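Chemist: Sharing a model that was predicted from the sequence below.
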Amino acid sequence: MSEKKETVIRIHGAGLQIGREAITVSSEGTTILLDYGVLMTDRKPEFPEKVVPSTINAVFLSHAHLDHSGGLPLLYLRGGPPVYTTTLTARISELLIEDMLNISRYYIPYEELELKEMLDKVNPVTFNQKVHVRNLELETLNAGHIPGSLMAKVRTKAGNVLFTGDFNTTDTRLLEGARPDVSDVDALIMESTYASTDHPERNALEREFVAKVKEVVEGGGTALVPAFAVGRSQEIISVLRAQNYEGPIYLDGMAREATKIMAGFPKYIKNYDEFRKVAKSVKIVKGIREREKVLKNPGVVVSPAGMLRGGAVMYYLENIVKDHKNGIFLVSFQIPGTPGRVLLDTGKIPLNGKLVDVGDMTHFFDFSAHSGRKELIDFVKMLNGGAKVILIHGEPSTTLAFRDTLLDMGIDAVAANNGDSFVLSRR
C-alpha cells in the first residue's frame, strides 16, 4: 500500500475576524506562511498567533495592506525566511509599515531594522509565475484587489491549496479582475469580507457618485473623500476623470507617495497610459498652508485615512463640518469601532472629544476592492465537486451565515477560527 501524504492548513489569524491574516500550509517537512498581518485597534495592535521563524521555509505576501503585511517584520529579528511577493507590494508595504511605526500610539514589537531585513529577503515574483519551495510548488496569480496583489496556489502531494487573500473578480478602472483556474483545487482558503453584501453595478455606482460630487462642488463646497492610500485613492481619482469630472482634484496624505510608486509599475495597472494622465491632472497638496488654500475654493479632496482614524483627512474634516454645503464621501469598508463606522451608523463623527452631527453631509458609495456575495458564490461554483472551502477574513455573523449558504448548496465549507487546522490527505 502506498504511503499516505498529508498537508496541514493552520489558521493563525483572520479566523472569524477581519485583520491580522496568517495561514500556514505544511507538507512533508516544508511550511509556507501565507501573509502575516496586524489588526490596528484603539487599544493596541493585535498580531496573529506566534509562528517560529525557523519552522517557516518561505513567506508569501499577497498584498501590502497592513492587515496582511504588518506583522511580517516580527519574523526577522534574527534572519528569517525568503519572501515571495511583487516588487510593487514590497515597496508599498515599506511605506505602510514605516508609517505605522511612526504614528502608532502603542508599542510595536519590532523596529525599522527588522523591516529592512524583511525587505532584503524579498524574492520578486509576478503574475502566473511558479517557484519551488523545497518539495512544494508555489504559483502566483492575479488577485484583482489592489495593484500588485496576488493569490497563491500551493501544490503538494496531498492536494492543491488556493489562497485568495483579498480578491476581486470584477474589473475596475485600475485593475483587471481575478480569473484563476480553480479546476485542480482541493482546498480553497477564501476571504468572506463582503459575503453578506451584493455590490452595486459598477458603472451606475460611478455615475451616481460623480453626480453627487459635482452637486457639492457646483454648490460651492468641498467634496471630501476619505480613502485608503493604496488602491482606493487611485481608483477614485480615475473614476472622477473617467466620468467627466473636470474640476480640481486634490490628493493629500500617504496617497501622494502611493500614487507616485504605482506610476512606476505599468504592468499592474489596467489602462496605464490613462492612469498616468489622471495622476498628472491632480494637484498634490504639500503642507498646512496648501491645505488652507485648498479649502478656500470648491473642489474634491481625496485623502487617507479611509476609516477616519487619523491622517491628513482629519484636518479637512475638522474644517468642512462647519458648513453643510460641503460633503463627506465614504468609499471604503468601515471596520466596526472605527470613527468611519460610527459616522456611517449614526451620522455623527467624533471630533475633539465631541460627537458632531454631519448626517446630512455624509454619503456612502460601495467602491469595494473585494468580491461581493454573488461573486464569491460564482467563484466557489467553479471548484471541482470535492473541494473544501475554508472561510476567513470576515465578521463572525457574515462568515457563519455564508458557510451555511454554501453547506445548503452541497459545498464542504467551514468558518475557520484562529487555531483551527485542516488536513488534506492522499495515498
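Modeler: Happy to help now that I have it. Numbering: from 1, shown residues only.

Chemist: use CA for all of it now, contacts and neighbours both
Modeler: OK.

Chemist: Just the residues contacting the longest strand anywhere in the chain, thanks.
Modeler: For the chain, the strand with the greatest residue count under DSSP state E is strand 5-13. Defining contact as C-alpha atoms under 8 Å, 6 or more residues apart in numbering, one finds that strand 5-13 is touched by 19-28, 36-37, 47-50, 156-159, 416-427.

Chemist: Select from these every entry located in strands.
Modeler: Judged by DSSP E, the subset of the contacts of strand 5-13 located in strands is 22-27, 36, 156, 159, 421-426.

Chemist: Separate out the buried members of the contacts of strand 5-13.
Modeler: 19-27, 36-37, 47-49, 156-159, 416-418, 424 (16 or more other C-alpha atoms under 10 Å).

Chemist: Hmm, Phe167 is touching Ala369, no?
Modeler: Yes - with contact defined as C-alpha atoms under 8 Å, Phe167 reaches Ala369; the gap is 7.1 Å.

Chemist: higher neighbour count, those two?
Modeler: Using other C-alpha atoms under 10 Å, the more surrounded residue of Phe167 and Ala369 is Phe167, with 26 against 23.

Chemist: where does the more buried one fall, helix, sheet strand or coil?
Modeler: Of the three states, Phe167 takes coil under DSSP: H, G, I helix; E, B strand; the rest coil.

Chemist: residue contacts, it?
Modeler: Ala143, Gly144, His145, Met151, Ala178, Glu191, Ala369, His370, Ser371.

Chemist: For the nearest residue to Ile97 once chain neighbours are set aside, the count of nearby residues, please.
Modeler: Leaving out its chain neighbours, the residue that sits closest to Ile97 by C-alpha to C-alpha, 6 or more residues apart in numbering is Gly70, at 6.1 Å. For Gly70, the neighbour count with other C-alpha under 10 Å is 29.

Chemist: wait, Gly70 sits on Val38?
Modeler: Yes - between Gly70 and Val38 there is a contact under C-alpha under 8 Å: 4.9 Å.

Chemist: tell me, what's touching those two both at once?
Modeler: Arg20.

Chemist: Dihedrals phi and psi, Glu215?
Modeler: phi -60, psi -40 (degrees, to the nearest 10).

Chemist: Tell me, how many residues neighbour it?
Modeler: The number of residues near Glu215, taken as other C-alpha under 10 Å, comes to 16.

Chemist: And the pLDDT at it?
Modeler: If you check Glu215, the pLDDT there is 98.

Chemist: same thing with Ser2?
Modeler: 65.

Chemist: Thank you, goodbye.
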